[in-house]
Each structure stands twice: as structure tokens, then as C-alpha cells.
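Engineer: what shape does this take:
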Amino acid sequence: MALRNQAEVREEFIEKVGLISQSDGLPRIAGRVFGMFLFDGEVRSFGEIVEALQVSKASISSATRILEERGLIKRIGRPGQRQDFFQLVDKPFPEMLDNVAVGLKKAKAEIDNSVAEVDPKNEGAHKRLGHYVQFYDALIALAETAAKDLGKKY
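Structural biologist: This is a model prediction of the structure:
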């Protein structure tokens, strides 16, 4: 079987990561930037990112800030260069799982607040909501364990 044109494969991958990120609540452009760093593995200047993805400077600025805040890319300096450069962090996937755990903990805190307000005499609701809390506890534990395990693998 012949390999497909790699430029097309790359573009499709970048777009898929953008769509996946968008479905996870991130801006699509942030996902596309992340996908580009994953596929290419190269240090890129701010201007190179703008040109490669054909989007506005403002969109790339927002996207890189989000990815930096999430610990997925890092800003690096180059002597004599005025613009910023970025690269993928060494271990982005454990960081992604840590971010998942943080989101799950926020959701669980909201659920805990609601559970605390339910009349204790409503045993059925307490039981069902207790199972919901246990569900979140299990998800948090899985995400944290997976992050640690994945961090050890590379």
C-alpha cells in the first residue's frame, strides 16, 4: 500500500486535533497549534505559527497562552530575537491528564456542595448522589494514576 501525501496527512492530523480540542472545550485554534507541535516536533516562532496555520496573530496569541497555561508548550528565548519562540514540553500527556483531574475535582466540588444541601431525610437522593460522588472519585483517581504512570514511561 502506497503512503499518502505526507503534507495532507499532516494537515488532516492538525485539523483533527483542533476538532478534538474544540469538543473538549478548548478553542479549535489552540488544538491546531498543539497538533502542529505534536506532528512537527520543532521549535517555532510566533510568526511561523501564524503563517503555518493561516490564522490571525490574536488567535495564535490566545492559543499559545492557553497551551502554556496548561503546561503543553513552553516559550523559549533566542538571543538577538525579538519575537517569541515555542516548543512542545517534554512530557505533555501526563500534564493533560493532570488537567483532566483538575477539571474533575472542580466538578466534584460542585456536586459535593449540592449534596450538602439535600435534606438528609431524602435517603433515595442521598444514595444516588453518593454514587455520583463515588463515580467522580473513581475518575479522579484514574486520571491521577494514569498521569503518574504515563510520566514514568518516557
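Engineer: and the longest helix along the chain, what's buried?
Structural biologist: Using DSSP state H, we find that the single longest helix of the chain is helix 123-153. Buried residues in helix 123-153, defined by neighbour count with 16 or more other CB atoms under 10 Å: Leu129, Tyr136, Leu139, Ile140, Ala143, Glu144, Ala146, Ala147. No exception for glycine: its C-beta is placed from N, CA and C like everyone else's.
Engineer: quick one: it to chain centroid distance?
Structural biologist: Mean C-alpha position of helix 123-153 versus that of the full chain (CA atoms, centre = their mean, to the nearest Å) differs by 19 Å.
Engineer: so this protein: which segments form each domain?
Structural biologist: Domain assignment of the chain by automatic domain parsing yields the ranges 6-88, 92-153.
Engineer: mind putting those in a markdown table, mean pLDDT included?
Structural biologist: A markdown table is the format used below for those (pLDDT from 0 to 100):
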| stretch | mean pLDDT |
| --- | --- |
| domain 6-88 | 95 |
| domain 92-153 | 94 |
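Engineer: ranking those domains by burial, who's on top?
Structural biologist: domain 6-88 (a mean of 16; mean count of other CB atoms under 10 Å).
Engineer: got the end-to-end distance for that domain?
Structural biologist: Terminal residues of domain 6-88 lie 21 Å apart, using CA to CA, to the nearest Å.
Engineer: element containing the residue positioned nearest the centre of the chain?
Structural biologist: Most central in the chain under CA atoms, centre = their mean is Met96, positioned 5.0 Å from the mean C-alpha point. Using DSSP states H and E, the element containing Met96 is helix 92-117.
Engineer: that helix packs against which elements?
Structural biologist: helix 123-153 (3 or more CB pairs under 8 Å, 6 or more residues apart in numbering; DSSP states H and E).
Engineer: so what does the helix it packs on touch, helix or strand wise?
Structural biologist: helix 92-117.
Engineer: tell me the angle the helix it packs on makes with helix 123-153.
Structural biologist: Orientation note: helix 92-117 sits at an angle of 160 degrees relative to helix 123-153 (axes from the mean of the first three to the mean of the last three CA atoms, to 10 degrees).
Engineer: for stretch 119-129, output the C-alpha coordinates as PDB.
Structural biologist: Written as PDB, here are the backbone C-alpha positions of stretch 119-129 (Å, rounded to 0.1, in the frame of the first residue of the first chain):
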ATOM      1  CA  ASP A 119     -32.400  17.000  53.100                       C
ATOM      2  CA  PRO A 120     -30.900  14.000  55.000                       C
ATOM      3  CA  LYS A 121     -34.400  12.500  55.200                       C
ATOM      4  CA  ASN A 122     -34.300  12.100  51.400                       C
ATOM      5  CA  GLU A 123     -32.500   8.800  51.600                       C
ATOM      6  CA  GLY A 124     -33.000   7.900  48.000                       C
ATOM      7  CA  ALA A 125     -31.500  11.100  46.700                       C
ATOM      8  CA  HIS A 126     -28.600  10.800  49.100                       C
ATOM      9  CA  LYS A 127     -27.900   7.300  48.000                       C
ATOM     10  CA  ARG A 128     -28.000   8.100  44.300                       C
ATOM     11  CA  LEU A 129     -25.900  11.300  44.700                       C
END
